[in-house]
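In: just the structure for this:
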Amino acid sequence: MSTTAERRTVFITDYAWPDVEIERQVIEGAGFRLVAGPATPASAAEIEALVAQHQPAGILTNWAPVSARAIASSAGLKIVGRLGVGLDNIAVDEATRRGIWVTNVPDYCFEEVSDHSVGMLLAFTRGLLHFDREVRAGRWQPATAQLRRMQTLTCGIVGFGRIGRSTAQKLAGFGARVLAYTRSPGKEDRDIEFVPLNELLSRSDAVIVHIPLTPDTKHLLNRERLALMKRGAFLINVSRGAVIDTQALIEALQSGHLGGAALDVLENEPNVPPALLAQPNVLLTPHIAFTSDASLRELRQWASEEVVRVLRGEQPKQARNSPA
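Out: Take a look at the predicted model:
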């Protein structure tokens, strides 16, 4: 092991699993040193201080913010790797300006997230959430069931990358009609009807959101667009909470315009608005759509391998920027 490698540190800001042993095996097995921050995401200021203290050559981050100041705090920084897909917690522009790679792991959990979205839709169409609550409350009333056949539904998918395509395939297996909104329809997706966003919202019995959070997509589903949805339609979000205007969603549920919503992500998670909790037709999970034993193992190993690759002077496989 070289003296240079011994001095080079990789800092993992936070992690949503019990330990960092997979990351340690990859990083330290390559001759580098791993330092872990607190498991629960720290504030931007705390991360900035930790980066300034440890002077890492590489940063791995799950949910904690890696700000422009944090990136500037380590003179030898070469890479910021996201333990996930979205990059909204990383100051990508600052990293690019300073010649620092930004990577993610875009293909580790598309089956899990699409499974989660279809599972949420099944919970709605088959009344699983509602009738579980009814039976637990001592009410056995099968005659009140107003359920839907999946084959009769028109399902709109907002965002059509790998996860959206996987969801479409699974919905097609149930015989549902699938609409999709994307900026770049693929020629191979001949069984999918690509339509403008407003048309998708007005025609769909269920809308599933698979779009990343960017400045252009924040509150993409605002009050005006939610009003376009069919009365009684169901909304599923497994992407980022801020893609939907939370207050507008609450109002649409309270008025009865929407039949229900299933949310794995929230705009200000982990804070859940009391008005959302009060809605009986809302299904909530704590940002776990990406999770399975297989996906977490792949995520942690592949993200760590990207850091090692860059610190060895190689090109990353999943670069999300072009450093200056």
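
In: C-alpha from now on. contacts and neighbour counts both.
Out: Noted.

In: enumerate every residue touching the residue positioned nearest the centre of the chain.
Out: The centre of the chain sits closest to S239, judged by CA atoms, centre = their mean, with a distance of 4.2 Å. By CA atoms under 8 Å, 6 or more residues apart in numbering, the contact list for S239 reads 209-213, 264-265.

In: so how far is stretch 302-311 from its chain's centroid?
Out: Mean C-alpha position of stretch 302-311 versus that of the full chain (CA atoms, centre = their mean, to the nearest Å) differs by 21 Å.

In: hmm, who's touching that stretch?
Out: 23, 26-27, 30, 57-60, 78-83, 103-105, 315-318.

In: same check on stretch 14-22?
Out: Taking CA under 8 Å, 6+ apart as the criterion, the residues outside stretch 14-22 that touch it are 36-42, 61-64, 297, 300-301.

In: ok, stretch 275-293 next?
Out: In this structure, residues lying in contact with stretch 275-293 by CA under 8 Å, 6+ apart are 109-110, 112-113, 116-117, 120, 129-130, 238, 250, 253-254, 259-265, 270.

In: tell me the pLDDT at the residue nearest to the centre of the chain?
Out: At S239 the predicted local distance difference test score is 96.

In: domain map for the protein?
Out: For the chain, the structural domains run 3-108+293-311, 110-284, going by automatic domain parsing.

In: hey, which of those is tucked in deepest?
Out: Each of the domains of the chain was given a mean neighbour count from mean count of other CA atoms under 10 Å, and the largest, a mean of 20, is that of domain 3-108+293-311.

In: tell me the mean pLDDT for that one?
Out: When pLDDT is averaged along domain 3-108+293-311, the result is 95.

In: run through the bridge partners of F11.
Out: Beta-bridge partners for F11, by DSSP bridges, are V35, I59.

In: distance of it from S295?
Out: Between F11 and S295 the distance, using CA to CA, to the nearest Å, works out to 22 Å.

In: picking that back up, now the contacts of S239 in JSON lines, with secondary structure?
Out: Putting the contacts of S239 into JSON lines (DSSP: H, G, I helix; E, B strand; the rest coil) gives the following:
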{"residue": "V209", "secondary structure": "strand"}
{"residue": "H210", "secondary structure": "coil"}
{"residue": "I211", "secondary structure": "coil"}
{"residue": "P212", "secondary structure": "coil"}
{"residue": "L213", "secondary structure": "coil"}
{"residue": "D264", "secondary structure": "coil"}
{"residue": "V265", "secondary structure": "coil"}
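
In: I'd like the residues you listed written out as CSV, with pLDDT and distance to G161 added.
Out: Shown next, in CSV, are the contacts of S239 (pLDDT from 0 to 100; distance: CA to CA, whole Å):
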residue, pLDDT, distance to G161
V209, 98, 11
H210, 97, 8
I211, 94, 8
P212, 90, 10
L213, 90, 14
D264, 98, 18
V265, 97, 18
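
In: and the closest residue to G127 other than its chain neighbours, what is it in contact with?
Out: Distances taken as CA to CA, 6 or more residues apart in numbering place L147 nearest to G127, at 6.4 Å, with adjacent residues excluded. With contacts defined as CA under 8 Å, 6+ apart, L147 is in contact with 125-127.

In: hmm, back to that, just give me the closest of the contacts of S239 to M229.
Out: The shortest gap between M229 and any of these belongs to V209, at 13.5 Å (CA to CA).

In: so who does that closest one touch?
Out: Residues near V209 by CA under 8 Å, 6+ apart: 157-159, 235-239.

In: just the ones of these in strands?
Out: 157-158, 235-237 (DSSP state E).

In: show me where the chain has helices.
Out: Chain-ordered helices for the chain, with DSSP state H as the definition, fall at 3-7, 21-29, 44-54, 68-72, 92-97, 110-125, 128-136, 162-173, 197-203, 223-228, 246-254, 274-277, 293-311.
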